[in-house]
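Asker: Task: produce atomic coordinates for the following.
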Amino acid sequence: LTQRLQIHDLTISLNDLMGLPLNNALTLDADVSAASVSVPSREECVRIAQQHSPEIQAAKQGVEKAKAGLSAAKDAYIPDITGLARYSYQSGVPFLVHNFGTFGVSFSYDLFDGGKRVAGIKDAQTVLSEAELNLTKVEDEVEVQVETAYDKVEQLQGLAGVAAEALKAREEASRVTDRRFEQNAALDSARSEAHAKAVSAQASYLEATLGLSLAQAD
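Answerer: Got it, this is the predicted structure:
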């Protein structure tokens, strides 16, 4: 009764998630062989994660921003040079030409600034080093996450294989018990017990397969 109530509750929740009528009857397919997800190789997974991880992209932007800050700090050593040109017309002085042009250059540079520019460059270099270290840290963290998820997939693949072998053994034992019961060589209770163990092994196999599918999706 408890299991039937649990199945009813889970069925209602599943119908609600899929947008079906809440009391819609569902028939579950026991064949889960097609539920396996195609997973790329371990190296391909790491490469994809590093290319598309939002954390890594944000860390790379931080490095670019720090590089721009360092460049701006170094630009403080560039002197300010301004060019100018002017065209003039005069008629007040008779012996001078009426039309003439004027050209010039303005040069400005601070010789002494109390070490402000040097301190600014050192600060910018520190910020850049921190940004690069953060990028390396984030890349390592993403790779660890992928490696951990991939290890879990491989582990659950092994468990699913063991569960499949156990299911085959239980089904064969159930078949043998049925034959013995037909020949009056086994009790009905033994046959019921063998069937129960086979059903339990099937449930374990379905559970292992579900865990593998979830790990592959992750």
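
Asker: State which helix of this protein is the longest.
Answerer: Ordering each helix of the chain by length in residues (DSSP state H) puts helix 116-182 first.

Asker: For that helix, which helices and strands make contact with it?
Answerer: helix 42-52, helix 54-74, helix 188-217 (3 or more Cβ pairs under 8 Å, 6 or more residues apart in numbering; DSSP states H and E). Bear in mind the C-beta positions are built from the backbone N, C-alpha and C, glycine included.

Asker: Now that Tyr89 has come up, it's in contact with His98, right?
Answerer: Yes. Judged on Cβ atoms under 8 Å, Tyr89 makes contact with His98 at a distance of 5.8 Å.

Asker: For this protein, which residues score under the pLDDT cut-off?
Answerer: Low-confidence segments of the chain, defined by pLDDT under 70: 30, 32-36, 113-114.

Asker: let's see it at 80
Answerer: 28-38, 75-80, 89-98, 100, 107-117 (pLDDT under 80).

Asker: now the closest residue to Ala164 other than its chain neighbours: how far from Leu26?
Answerer: What sits nearest to Ala164 in space, not counting adjacent residues and going by Cβ to Cβ, 6 or more residues apart in numbering, is Tyr205, at 5.7 Å. From Tyr205 over to Leu26 the distance is 20 Å, taken as Cβ to Cβ, to the nearest Å.
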